[in-house]
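Peer 1: The sequence and its predicted three-dimensional model are supplied below.
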Amino acid sequence: MDAPLVTPATPFQLADWVVLAAYFAVLVVTGYLVSRRPATADAYFVGERQMPPWAVALSVLATALSAATFIGGPQQSYAGDLTYLSATIGAILAVLIVGWFFIPVFYRYQVVTVYELLGRRFGPGVKMAASWTFVIGRVFANGSRLFIAAAPAALLLFGDTGIDHPHHLYIAIAVVALVGIVYTLVGGIASIIWTDVIQIIVLIGATLAAAGVLLHRIPIPVTEIVSELASTRVGDHSKLAVLSFDLSPGTTFTVFTAITGWVLFNLAAYGTDQDLAQRMLTCKDAVRGGRSALFAILMGIPVTMLFMAIGLLLYLYYQRPDLMGAAAPTYPTPKAKDVFLSFIHHEMPQGLRGLMMAGLFSVAFASLLSALNAMASAFVNDFYRPLLKNRPDRHYLLIGRLAVVGWGIVLALFACACVAWWKHNNETLIEFALGVMTFAYSGLLAVFLTTLFTRRGTPFTAISSLVMGFAMTAFLQPAIWYNFTCWILPDLSTHQGIHRLVLASPWRLLIATAVSLAVCVSMKDPRGGSMEEDRDPHLQPQPAPV
């Protein structure tokens, strides 16, 4: 076996900095050439609905992956198996539903934010409440993603991931947030989408490079690697298991959660979350918008599999010295949460290490830029514009940019709070990130389902449903649920007994959505449940462009 190409814990070398600098230079140039300072709010928020579906699909994929997938995906398969992939079943089913039922309605009414649809059905109060729910949910979701993305930034700045040195993470969070704010201010959604295209290419290149280095370092053929992984047991199944039929309510990724909770999760993500839905609204028509979402899911399957494969290879590299022989690493085995970053820091050759960090930053910035633009869009179109009407378009554009700065600061503060929150949560990084996102999804999904598929609901029940979604999700969080079950079931007050009652995030979402939906449809709309345009013949929806 050849000598290691990198001395353990060697700082970034010139080649790494050159690669990283080239990555940021390409982003800046691309953003400048594409954006050229959008002159209207419509161009800033929906790209004048002229984006090609393939570019939108890559942008959706880049946004959906995030740093949680880059770091948490390998952690998931390193410590467990491949059952995370089963959630893809729910994603495909959900995107088909969104493309068939949700997106055509968005285009029919030519909305800029998806919450405008709720305003047409229930009035401006519900639109504002839903938009606030989205914004608060985005603070939770992207604040947690920013926290995860800060780990590689801390590694770059201080030589450690910051998990055991919180002040390093706080500084890294501030740096990443600042870069994201500045870049979002330069252009609009079109600039972000084209930047995402570059970033997903960098991401795939980086992960392929990592897989190649691992295969080179592990001194056994691929067939033997597969055989060893297949024979390794995790609980009662192999590390290569994709489908689990575990009935435990605390298990996150099973066939049962895939066709229930994960369907609802992806319905909410692609149909009610302005962060992803905004991208589909930049296409020329509803058909192209729906295709972009489906393409994103299908392209995401091999990319996610690549991250999971890296985790399996890392398991052999660090946990099987009997296979590695003289090629086994001589430094202490990293914790599961640090395993991929540790490999990048210790083992990747010069230049490739810079590419890996560029790949990691690519998904971090993709999700951050998207969130800032979507939150600014919701603020301007759902809150500010209805209060101050008939202002020049450049005025709304200025307010949108100020909103980007404000929400960037809020995201950074919440990311700092996540440092302590995650330490008290017994979840992997990817489970933590996905679980945090469910706070807003249950109520939003309930109101959208009521709007699209029933003629029931009133403004009061819709707003109550949004509040109930947050409250129910909070109540079902492991710490609160644990104490509650200890109180009502003292006979099961042993740790083992209560542990069996802890609910995984897809079950929490299912229960919270069901309760919220029941609240939303509990009263009948005295107006018959019709849209605003259907009630007023002078407000006919504009046809979607052909």
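Peer 2: Received, thanks.
Peer 1: Helix, strand, or coil at residue 350?
Peer 2: Under DSSP: H, G, I helix; E, B strand; the rest coil, the three-state class of residue 350 is coil.
Peer 1: go on, residue 317?
Peer 2: Applying three-state DSSP: residue 317 is helix.
Peer 1: Run through the stretch 201-350 of the chain and note the low-pLDDT ranges.
Peer 2: Across the stretch 201-350 of the chain, not a single residue meets the criterion (pLDDT under 70).
Peer 1: Quick one: the helices in it, in order.
Peer 2: 222-231, 255-258, 261-271, 274-280, 286-319, 321-324, 339-347 (DSSP state H, counting those that start in this stretch).
Peer 1: Which among the ones you listed is found nearest to residue 191?
Peer 2: When those are compared by C-beta to C-beta, helix 274-280 sits nearest residue 191, at 12.8 Å. No exception for glycine: its C-beta is placed from N, CA and C like everyone else's.
Peer 1: contact partners of that closest one?
Peer 2: Outside helix 274-280, the residues that touch it by C-beta atoms under 8 Å, 6 or more residues apart in numbering are 45-46, 51, 56, 59-60, 63-64, 102-103, 106, 113-115, 131, 134, 138, 141-142, 189, 193, 269-271, 289-290, 292-293, 370-371, 373-375, 377-378.
Peer 1: mind running it again at 7 Å?
Peer 2: 56, 59-60, 63-64, 103, 113-114, 134, 138, 189, 193, 269-271, 289, 292-293, 370-371, 374, 377-378 (C-beta atoms under 7 Å, 6 or more residues apart in numbering).
Peer 1: How about stretch 407-418?
Peer 2: 139-140, 142-144, 146-147, 150, 170, 173-174, 177, 180-181, 371-372, 375-376.
Peer 1: Would you point out which residue is most central in the chain?
Peer 2: residue 64 (4.4 Å; C-alpha atoms, centre = their mean).
Peer 1: tell me which element that one is part of?
Peer 2: helix 53-79 (DSSP states H and E).
Peer 1: That helix: which residues count as buried?
Peer 2: 53, 55-79 (16 or more other C-beta atoms under 10 Å).
Peer 1: any idea how far that helix is from the chain center?
Peer 2: Offset of helix 53-79 from its chain centre (C-alpha atoms, centre = their mean, to the nearest Å): 8 Å.
Peer 1: I'd like the average pLDDT over it.
Peer 2: Mean pLDDT, computed over helix 53-79, is 82.
Peer 1: got the angle between it and helix 286-319?
Peer 2: Here helix 53-79 runs at an angle of 30 degrees relative to helix 286-319 (axes from the mean of the first three to the mean of the last three C-alpha atoms, to 10 degrees).
Peer 1: Measure how helix 53-79 sits relative to helix 261-271, angle-wise.
Peer 2: 150 degrees.
Peer 1: Give the other helices and strands that helix 53-79 contacts.
Peer 2: Identification of packing neighbours for helix 53-79 by 3 or more C-beta pairs under 7 Å, 6 or more residues apart in numbering; DSSP states H and E yields helix 124-158, helix 189-217, helix 274-280, helix 286-319, helix 339-347, helix 352-378, helix 429-453.
Peer 1: Save the helices of the stretch 201-350 of the chain as CSV, and put in mean neighbour count and distance to residue 98 too.
Peer 2: What follows is the helices of the stretch 201-350 of the chain, written out as CSV (neighbours: other C-beta atoms under 10 Å; distance: least, C-beta to C-beta, whole Å):
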stretch, mean neighbour count, distance to residue 98
helix 222-231, 13, 35
helix 255-258, 20, 17
helix 261-271, 26, 4
helix 274-280, 27, 8
helix 286-319, 21, 6
helix 321-324, 14, 44
helix 339-347, 23, 31
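Peer 1: Just send these back as CSV, with distance to residue 124 too.
Peer 2: Formatted as CSV, the helices of the stretch 201-350 of the chain follow (distance: least, C-beta to C-beta, whole Å):
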stretch, distance to residue 124
helix 222-231, 56
helix 255-258, 37
helix 261-271, 21
helix 274-280, 17
helix 286-319, 25
helix 321-324, 63
helix 339-347, 46
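Peer 1: so which of the ones you listed comes closest to residue 243?
Peer 2: Between the helices of the stretch 201-350 of the chain, helix 255-258 lies closest to residue 243; by C-beta to C-beta that is 5.5 Å.
Peer 1: Just the CA atoms of that closest one, as PDB, please.
Peer 2: Extracted in PDB, the C-alpha atoms of helix 255-258 (Å, rounded to 0.1, in the frame of the first residue of the first chain):
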ATOM      1  CA  VAL A 255     -41.600   1.200   4.800                       C
ATOM      2  CA  PHE A 256     -44.400   2.400   7.000                       C
ATOM      3  CA  THR A 257     -43.000   5.900   7.500                       C
ATOM      4  CA  ALA A 258     -42.100   6.100   3.800                       C
END
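Peer 1: What is the distance between it and the centre of its chain?
Peer 2: On C-alpha atoms, centre = their mean, the centre of helix 255-258 falls 19 Å from the chain's centre.
Peer 1: what residues does it touch?
Peer 2: 86, 87, 89, 90, 243, 244, 245, 504, 506, 507.
Peer 1: got a winner among these for most neighbours?
Peer 2: Highest neighbour count within the contacts of helix 255-258: residue 506, with 28 neighbours (other C-beta atoms under 10 Å).
Peer 1: give me phi/psi at residue 524?
Peer 2: Note on residue 524: backbone dihedrals following degrees, to the nearest 10 are phi -90, psi 140.
Peer 1: For it, give me the pLDDT.
Peer 2: At residue 524, pLDDT is 86.
Peer 1: Next one: the closest residue to it other than its chain neighbours from residue 523, what distance?
Peer 2: Nearest in space to residue 524, with sequence neighbours left out and distances taken as C-beta to C-beta, 6 or more residues apart in numbering, is residue 456 at 5.3 Å. Distance, residue 456 to residue 523, using C-beta to C-beta, to the nearest Å: 7 Å.
Peer 1: Can you give me the separation between residue 75 and residue 339?
Peer 2: From residue 75 to residue 339 the distance is 6 Å (C-beta to C-beta).
Peer 1: list residues touching both of the two?
Peer 2: Joint contacts of residue 75 and residue 339 (C-beta under 7 Å, 6+ apart) do not exist.
Peer 1: that older thread, now for the helices of the stretch 201-350 of the chain, which one comes closest to residue 203?
Peer 2: Using C-beta to C-beta, the nearest of those to residue 203 is helix 286-319, at 7.6 Å.
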